[in-house]
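Participant: could you work out the structure for the sequence below:
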Amino acid sequence: MKLSILDQAPVSSGKTAQEALKATVGLAESADRLGYMRYWVAEHHDLAGLASPAPDMLLSLIGSRTEQIRIGAGAVLLPHYKAFNIAERYNMLATLYPDRIDLGIGRAPGGSAEVTMALSDNFLENVRKMPDKLDELIAFLDGSFPDGHLFSKINARPVPETPPVPWLLGTSGKSGKLAVEKGMNYAFGHFMSGESGPEIVRSYYENGGSLALIAVTAVCAETTEEAEELALSDLIWKLQQDKGKGKSGVPTIKEAKAYELSGEEKAKLEKMKNNMIIGNPQEVREQLERLQEQYDTEEFMIVTITNSYEARRKSYELIAQECFL
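Facilitator: A predicted model of the protein is given here:
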């Protein structure tokens, strides 16, 4: 089993964005030592409690502090950008950190309607043009524009010896189909999908897909009880976000326990919990193995959010020790 990390740079209650970003860099250093395969950083805009709107800036620092782990975006929200600009940025990273750069692409807005308008014009039209944008991005990365094309004489410099590896991120059959059409690796967001993930990934492979990884939420601790307490902070925070609250960041365990749940929220919490992997090291490994059978995959990308940055780091450490150390 191969394991990777997706970091959303969460800001904990009582902490600053600077502390959150420092924790992200520290976690990447730990992941490199522990033997994780990839470390991806997410992109979000004006979402209280998440501190990374520009993955490439953070990846530049992470690359300088790590040695071998692959690093990348999970994901660049392409409808907001021109393909040439993204190719330049990730070619620069691939020049700095050879054969280590992944370029995950998504099409979500990553923020509110107002934020979307502030970031880009005609977002929905850009989403519609996503297949063409992907073609353009890939052509800039591998220099495959045909002779006579408007962009055939330009390069997204610096041009690295090994270009970034493009991935398409998604949570639906539509994204899996698009990944096949564009010949891209596929990262399926199990942790945020209500659809039939194994069926979507199976279809991706049956139709000629090359490589898929599955992103899951997992919280691990020495004991099941401790893991459930740690996971409660993330669960309550998500409920608060749905109500327009949660602006103070991921709550402490004490704050999470004090949160009064409505009947509807209790049901929602249980549903979210059922989509997470929570437990001691052995339990987490067993749950990953069951998912591995369902998805027929070799690689999981783990998302862990806890109020304590140390508990988050320990969770990844325990999983690594149980699964592949």
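Participant: could you pull out the strands in this structure for me?
Facilitator: Counting by DSSP state E, the chain has these strands, from start to end: 2-7, 38-41, 70-77, 101-106, 165-170, 185-189, 212-220, 277-279, 299-303.
Participant: any chance of these in a markdown table, with mean pLDDT too?
Facilitator: As requested, those are arranged in a markdown table below (pLDDT from 0 to 100):
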| stretch | mean pLDDT |
| --- | --- |
| strand 2-7 | 98 |
| strand 38-41 | 98 |
| strand 70-77 | 98 |
| strand 101-106 | 98 |
| strand 165-170 | 98 |
| strand 185-189 | 98 |
| strand 212-220 | 98 |
| strand 277-279 | 98 |
| strand 299-303 | 98 |
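Participant: residue contacts, Cys220?
Facilitator: Contact analysis of Cys220 by CB atoms under 8 Å, 6 or more residues apart in numbering lists 227, 277-281, 284, 304, 315-316, 318-319, 322. No exception for glycine: its C-beta is placed from N, CA and C like everyone else's.
Participant: hang on, the earlier thing: between the strands of the chain, which gets nearest to Thr16?
Facilitator: Thr16 lies closest to strand 2-7 among the strands of the chain, at 16.9 Å (CB to CB).
Participant: elements contacting the closest one?
Facilitator: Applying 3 or more CB pairs under 8 Å, 6 or more residues apart in numbering; DSSP states H and E, one finds that strand 2-7 makes contact with helix 17-34, strand 38-41, strand 212-220, strand 299-303, helix 309-323.
Participant: ok, the fourth one: who's next to it in the sheet?
Facilitator: Yep, that's strand 299-303 we're talking about. Partners of strand 299-303 in the sheet, by DSSP bridges, are strand 2-7 (parallel), strand 212-220 (parallel).
Participant: low-confidence stretches in the stretch 101-250 of the chain?
Facilitator: Under the criterion pLDDT under 70, the flagged ranges of the stretch 101-250 of the chain are 194.
Participant: how about the helices in it?
Facilitator: Ranges of helices within the stretch 101-250 of the chain are 113-119, 123-128, 130-142, 173-181, 197-206, 224-242, based on DSSP state H, counting those that start in this stretch.
Participant: redo the helices and strands packed on strand 2-7 as a markdown table? Include distance to Lys129.
Facilitator: Formatted as a markdown table, those follow (distance: least, CB to CB, whole Å):
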| stretch | distance to Lys129 |
| --- | --- |
| helix 17-34 | 32 |
| strand 38-41 | 25 |
| strand 212-220 | 25 |
| strand 299-303 | 27 |
| helix 309-323 | 37 |
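Participant: and of the ones you listed, who's closest to Ala108?
Facilitator: Using CB to CB, the helices and strands packed on strand 2-7 put strand 212-220 closest to Ala108, at 13.6 Å.
Participant: now do the closest one against helix 224-242, angle only.
Facilitator: Using axes from the mean of the first three to the mean of the last three CA atoms, to 10 degrees, one finds that strand 212-220 and helix 224-242 are set 110 degrees apart in direction.
Participant: picking that back up, looking at the helices and strands packed on strand 2-7, which is nearest to Glu199?
Facilitator: Of the helices and strands packed on strand 2-7, nearest to Glu199 by CB to CB is strand 212-220, at 12.7 Å.
Participant: please spell out which residues along that closest one are buried.
Facilitator: 212-220 (16 or more other CB atoms under 10 Å).
Participant: with those in mind, which one is nearest to Lys238?
Facilitator: Checking these against Lys238 with CB to CB, the nearest one is Thr217 at 10.1 Å.
Participant: residues contacting the closest one?
Facilitator: By CB under 8 Å, 6+ apart, the residues touching Thr217 are 191, 234, 275-277, 302-305.
Participant: of the contacts of Cys220, closest to Val127?
Facilitator: Thr304 (29.5 Å).
Participant: what is the neighbour count of Glu226?
Facilitator: 17 (other CB atoms under 10 Å).
Participant: any idea how far it lies from Asp234?
Facilitator: Going from Glu226 to Asp234 by CB to CB, to the nearest Å gives 14 Å.
Participant: still on that earlier bit, export the strands paired with strand 299-303 to JSON lines and tack on distance to Ala73?
Facilitator: Formatted as JSON lines, the strands paired with strand 299-303 follow (distance: least, CB to CB, whole Å):
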{"stretch": "strand 2-7", "distance to Ala73": "10"}
{"stretch": "strand 212-220", "distance to Ala73": "13"}
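Participant: alright, calling it a day.
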